[in-house]
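Trainee: Sharing a sequence plus its predicted fold:
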Amino acid sequence: MSVTVPVLEVERLSFAYGPCKALDDVAFQVQPGECAILLGPNGAGKSTLFSLVTRLYEAPAGQIRIAGRSLRQESCAALSRLGVVFQQPTLDLDLSVAQNLRYHAALHGLSRREAELRIREELERQGMYGRRDEKVRQLNGGHRRRVEIARALLHRPALLLLDEPSVGLDVPSRRALVDHIHALCRSQGLAVLWATHLIDEIGADDSLIVLHKGRVRAWGPVREVLASQGAATVSAAFHRLTAEGEG
Ligand SMILES: Nc1ncnc2c1ncn2[C@@H]1O[C@H](COP(=O)(O)OP(=O)(O)OP(=O)(O)O)[C@@H](O)[C@H]1O
């Protein structure tokens, strides 16, 4: 019997900024092909968790494994399996789409030939290959996001981290982004950890990780979290889970 290694394993993770406990004994897993939505009110600890998974900060307590590799003990191997789209766009506006992607491919040590093949593949997947020679400045927000996703997937990560990537997008661009990410999970077996405030971005087959005041209040498939809270909607379950401990 084959055992699937989780793409992301977070175990007993805690982190504090001085006296302020930002994460307290956080644990969850994301499996291949799973889209896990990280929901939490302001200050819940989402950015701190992302900073630890991307190794911007070192976790003093707990363990993070990406595709079975410990972020602490095998950090290069672990990080090479990670793609990230930050909330703030990070493309160079004065370079073309292809130039931005080539730069990223070089950082990941891809050969020129391999880089060109993957750039084509990822941009075609996003319907952006015909625009590869345009400067990023000429693209609208939705198209820039697509380029960022193509870039994050260029080195074929097992795990894609999305930090509120739909902020600032209009409704059709947001819908297209949500559909696209879900299609990638299904077709590529990509695992996604997606931080969002927007409950309408959640699909029926996604899983939820609800973080509040640094602790995981619920983790599991959407329907199980709804059932555990006796809630009809994600919004109602979220309000129940995050009202606890207020005041
Ligand atoms: N650099 C810092 N120094 C001190 N405290 C911090 C720092 N960054 C975050 N915090 C605190 O840590 C806790 C978690 O913050 P974090 O930014 O991770 O939450 P978040 O869920 O990302 O919030 P938001 O949705 O508002 O971005 C909060 O109480 C916050 O005030």
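Mentor: Perfect, thanks for sending it.

Trainee: Near the ligand, which residues of this structure are found?
Mentor: Within the chain, the positions near the ligand by Cβ under 6 Å from any ligand atom are 17, 20, 22, 40, 42-48. C-beta here means a position set from N, CA and C on the backbone, and glycine is covered the same way.

Trainee: and which of those residues is nearest H239?
Mentor: G40 (12.6 Å; Cβ to Cβ).

Trainee: hang on, the earlier thing: just the buried ones from the residues of the chain next to the ligand?
Mentor: 22, 40, 44-48 (16 or more other Cβ atoms under 10 Å).

Trainee: Spell out the secondary structure type for L161.
Mentor: strand (DSSP: H, G, I helix; E, B strand; the rest coil).

Trainee: give me the beta-bridge partners of it?
Mentor: Beta-bridge partners of L161, counted by DSSP bridges, are V84, L193.

Trainee: give the contact list for it.
Mentor: Contacts for L161 (Cβ atoms under 8 Å, 6 or more residues apart in numbering) come out as 50, 53-54, 82-85, 192-194.

Trainee: element containing A27?
Mentor: Using DSSP states H and E, A27 sits in strand 20-30.

Trainee: and the following helix or strand past that strand, which residues are buried?
Mentor: Of the helices and strands lying after strand 20-30 in sequence (DSSP H and E), the nearest is strand 35-39. Buried positions in strand 35-39, judged by neighbour count with 16+ other Cβ under 10 Å: 35-39.

Trainee: swap in stretch 136-152?
Mentor: Here stretch 136-152 shows 136, 139, 142-152 as buried, counting by 16+ other Cβ under 10 Å.

Trainee: Next: stretch 59-77.
Mentor: For stretch 59-77, by 16+ other Cβ under 10 Å, it's 59, 62, 64-67, 69, 71.

Trainee: ok and the helix or strand bottoming out on mean pLDDT in the chain relative to strand 35-39, angle-wise?
Mentor: Within the chain, confidence by mean pLDDT, DSSP states H and E is lowest for helix 171-188 among all helices and strands, at a mean of 87. Calculated by axes from the mean of the first three to the mean of the last three Cα atoms, to 10 degrees, helix 171-188 forms an angle of 140 degrees with strand 35-39.
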